[in-house]
Every structure is written in C-alpha cells, then in structure tokens.
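>>> quick one, structure for this:
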Amino acid sequence: MNYINSPEHLTEALARANRHWQERHGELPGSEAAGPTAFTIAVSRESGTYGAAIAREVANRLGWPVYDRELLQRIADDMGVRQKLLESVDERRVGWVSECLAGLFAVPRVNQFAYVRQLVETMLSLAAHGECVIVGRGSALVLPRATTLRVRVVAPREHRINEVQREHGITFKEAAARVESTDRERDRFVRDHFQIDPIDPANYDLILNTERFSVAACADLVVAALDHLRKRALSNRPAQAAQTSAV
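Numbers count the residues shown, from 1 in each chain. Here you go, the predicted model:
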C-alpha cells in the first residue's frame, strides 16, 4: 500500500510532520540530553502481511505521522525537502544524528553508496524527532535500539500468497511470484547495503503473525509493547541521573 503517491500528498505529509515536530518542541523540557526523548516505531514486513496497514493503524491510534518507503525515498531524493527536514532537527539532536551516522558508516559491513547514506540520514532525522512510524527500508535494523520499537510482521508463505491473490484478484501462481519477488527485493536491499540478516528474529523486539492476529489486534500489541518500553525508559531515568550526578 502506498500512503504517499503524489507531490500533493508528499507536501501534505511533510506539513503534518512539521506541525508534529513543532508541537513536540513546545512540550520538551529544557534538558541538556544529547539524544531524543521519544520512541520511534520501525516496521519490517514480509509481503502479504498487511504490515503497512498495521503501521497506519498504529500511527492513527497514537496520532503520529507514518513514513513508508516511497516517502522516505522521495525525501532522500529531493534535496530541498530533505534539507528542510535536517534543519528541523534542533541543536542538541544534531550531535545524536551525527554520532549515529558516524557509528553506522564507520563499520565496514555498511555499503556507503551516497543514496543509502541519504536514506539513513533521513530516517535518523525523523527518529531524532521521535513519535513517528517508519515502514521498511531497513529502518528496524539501522535505527538505534534504545529509542526504537523494532517490529517484524510475518505469516506462513501460503497464507501470504492467498492474501495477495485475494487483494489483487490474480491467480495463485501470479500471487506467489509477486510475494517471492517482493520479499527477495526487500531482503536483498538490507543484506546488500547493511549486511544484516532481515529475517533473524533476534534483530526485533516484537514479531507478529498475521495469520493469527488481525490488523487491529496487531496494532493493539504494538501499542502495548510501546507502552512497556516507555515505562521501562522512565524507570531507568532516576538511575541514569544518579550515575551522572556521581560523575
């Protein structure tokens, strides 16, 4: 599913994002922290699992913007739009983005093609603001785990083929070819550019099987997992503050 399929929709999505960021900046306390204070949800999905629909449902419930791979790519490709995004990152988060980029691209496993770096920088800039849902493009594998809920959406192969066949009104054979080619393309992108196994369950915080759970039920589980991580982060803050004071 494409959430953004025209220049008008792109402009509208960025306008919503800008409003969202401005509201968040108004609510942020005068902290000296070097990184973001809010979580990002990153969704990786197999073809035919309605992962994009789950991401949209989660975003609607939370009142967050959602960014799919088409929007991410267009932001990264459009230097004017991308520059506005980068400029919207306040000073205390610029260092966080730079540090994450330096750490990621200093590792030999990462392919340093310019467009991949632009794409990763775009995702990190969005994550620096926090409170957004990012779908695909390896976001669940490259964004910092400390502030990212990493979700993988899966289902048995035959179930996914049947879903694609039903949604697009095509034959089972055609649906199977579409599922296999889409999965192959997505997996290859991550493996080629980041040398990370996108199907390794250890790379995710939450794995959802859409053969057993509906889109709404999956959204329930994601929101519950986010709530758990938020509470955990809050409970860890006193200990972190005590360590900082001791130093």
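
>>> can you name every helix or strand that the helix or strand hosting Val58 contacts?
Per DSSP states H and E: Val58 is located in helix 51-62. If you count contacts as 3 or more C-beta pairs under 8 Å, 6 or more residues apart in numbering; DSSP states H and E, helix 51-62 packs onto strand 40-45, strand 66-67, strand 133-135, helix 215-246. Where you see a C-beta, it was placed from the backbone N, CA and C, and this is true even at glycine.

>>> can you put the ones you listed in a markdown table and add distance to Ala52?
Formatted as a markdown table, those follow (distance: least, C-beta to C-beta, whole Å):
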| stretch | distance to Ala52 |
| --- | --- |
| strand 40-45 | 7 |
| strand 66-67 | 9 |
| strand 133-135 | 6 |
| helix 215-246 | 10 |
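
>>> turn these into JSON lines, including mean pLDDT, mean neighbour count and distance to Met123.
Shown next, in JSON lines, are the helices and strands packed on helix 51-62 (pLDDT from 0 to 100; neighbours: other C-beta atoms under 10 Å; distance: least, C-beta to C-beta, whole Å):
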{"stretch": "strand 40-45", "mean pLDDT": "94", "mean neighbour count": "28", "distance to Met123": "8"}
{"stretch": "strand 66-67", "mean pLDDT": "87", "mean neighbour count": "25", "distance to Met123": "8"}
{"stretch": "strand 133-135", "mean pLDDT": "92", "mean neighbour count": "27", "distance to Met123": "6"}
{"stretch": "helix 215-246", "mean pLDDT": "79", "mean neighbour count": "13", "distance to Met123": "18"}
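
>>> okay, buried residues for the helix holding Val58 please.
51-59, 62 (16 or more other C-beta atoms under 10 Å).

>>> export the residues you listed as CSV, with columns for distance to Ala127 and pLDDT.
Shown next, in CSV, are the buried residues of helix 51-62 (distance: C-beta to C-beta, whole Å; pLDDT from 0 to 100):
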residue, distance to Ala127, pLDDT
Gly51, 19, 94
Ala52, 19, 92
Ala53, 22, 94
Ile54, 19, 96
Ala55, 15, 95
Arg56, 18, 94
Glu57, 20, 96
Val58, 16, 96
Ala59, 14, 94
Leu62, 15, 94
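
>>> from these, pick the one nearest Leu208.
Set against Leu208, the nearest of these by C-beta to C-beta is Ile54 (7.3 Å).

>>> I'd guessed that closest one sits against Val222; true?
Yes - counting by C-beta atoms under 8 Å, Ile54 touches Val222, with 7.0 Å between them.
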